[in-house]
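> Pasting the sequence and the predicted model now:
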Amino acid sequence: MTWRHLGSWCVGAAVVMTGCDIKIPGSDDSGGGGQCLDDFLADLAMDRDVLEAEAAARGIDASTLIEELVASGLGVADFLFDCSASESMEGLGSGTGGTLYQPHNSDAMVDTLIDVTEQDQEKSQDIVFLVDSTGSMANDIDAVRTRLAEVLAALDTSEDRASFAWYKDRRVDSPWFDQNSSGLMAPDSSELESFLSGMNAVGGGDLPESLYDAAYKVVEQTDWAAEKRVVIAVTDAGPHEEDTHTADDVIALCEENGVVIVPILVGF
């Protein structure tokens, strides 16, 4: 058995104590790759309640703490998926006619954005990019900024329209949602780049975020007109059970407005 250090805090017997200086056992057969978050935490004798309690004690987003664990080389994973979120995300997608994608890193996520925007190009498109902007999403937002021209180039500047919106956890973050002021517009508009440049990846609290409320809000307030109407929702965590709206509420509103939600669940 090998031993690895956890940094400024430690895990043992399913208890986390800030500032302790103990080492924990790591796997001898760690071969990298991906792993479900809950399995990863179980390998460290943790669960979500312990993780979120430690994050709260340190005043950081629980997702940020997970990324610290992965970066420290603990466990067997190079990246994690919140597999418990997959079912709810897939349900939101399939319920509106969309497909769940699960890219394992930021570059793969941007490739997925481009692939989705390039589908059904024979139809005019209204596309809203709805992005989780909590702390753990910093790398993903930076990747979209860096490759924004590629993403928007997949749209037809003469017919298609685009918009950006971000969301957080409405229970702990204020503001928790925003959309570029002009809504849908030509994809080559400078307002889109400006809005994305001002998007800050902070906050979030526990792991789930207000995806249902954000999706409902963006579908309700967007001036849809094109043949193809899509919300591409990018996040690394599932929707919050304490949202005001449910998955059924969002699906019903999407059906009423002819909107498809394409969820993209990014690995940590």
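That came in fine, so what should we check first?
> now the strands for this protein?
Secondary structure of the chain (DSSP state E): strands located at 2-5, 9-12, 15-18, 23-26, 34-36, 79-81, 125-132, 161-167, 177-179, 228-235, 259-265.
> Check whether residue 214 really touches residue 179, as I assumed.
No. Taking contacts as C-beta atoms under 8 Å, residue 214 lies outside contact range of residue 179: 9.5 Å. C-beta coordinates here come from the backbone N, C-alpha and C atoms, glycine included.
> What ranges in the stretch 101-250 of the chain fall below the confidence cut-off?
Residues of the stretch 101-250 of the chain meeting the criterion pLDDT under 70: none.
> Against residue 220, how distant is the residue positioned nearest the centre of the chain?
Among the residues of the chain, the one closest to the centroid is residue 235, at 0.9 Å (C-alpha atoms, centre = their mean). As judged by C-beta to C-beta, to the nearest Å, residue 235 and residue 220 stand 19 Å apart.
> give me the number of residues near residue 225?
Each residue near residue 225 was counted by other C-beta atoms under 10 Å, and the total is 10.
> switch to numbering from 46
New numbering, starting at 46: the last item is residue 270.
> ok, it - contacts?
When contacts are counted by C-beta atoms under 8 Å, 6 or more residues apart in numbering, residue 270 touches 171, 206, 229.
> Distance of residue 242 relative to residue 224?
Counting by C-beta to C-beta, the gap from residue 242 to residue 224 is 15 Å.
> between these two, which one's more packed in?
The neighbour count for residue 242 versus residue 224, taken as other C-beta under 10 Å, is higher for residue 224 (20 against 9).
> from what I can see the more buried one touches residue 264, true?
No. Here residue 224 lies out of contact with residue 264, judged by C-beta under 8 Å, at a distance of 11.2 Å.
> ok, back up a step: so for residue 255, which of the strands of the chain sits nearest?
Nearest to residue 255, of all these, is strand 206-212, at 5.6 Å by C-beta to C-beta.
> Please identify the buried residues of the closest one?
Neighbour counts over strand 206-212 (16 or more other C-beta atoms under 10 Å) mark 206-212 as buried.
> For residue 306, name its beta-bridge partners.
Residue 306 forms beta bridges with residue 276, as assigned by DSSP bridges.
> can you pull the contacts of it?
Contacts for residue 306 (C-beta under 8 Å, 6+ apart) come out as 137-138, 141, 143, 260, 275-276, 278, 295, 299.
> Quick one, which of these are buried?
The neighbour-count test (16+ other C-beta under 10 Å) marks 137-138, 141, 143, 260, 275-276, 278, 295, 299 as buried among the contacts of residue 306.
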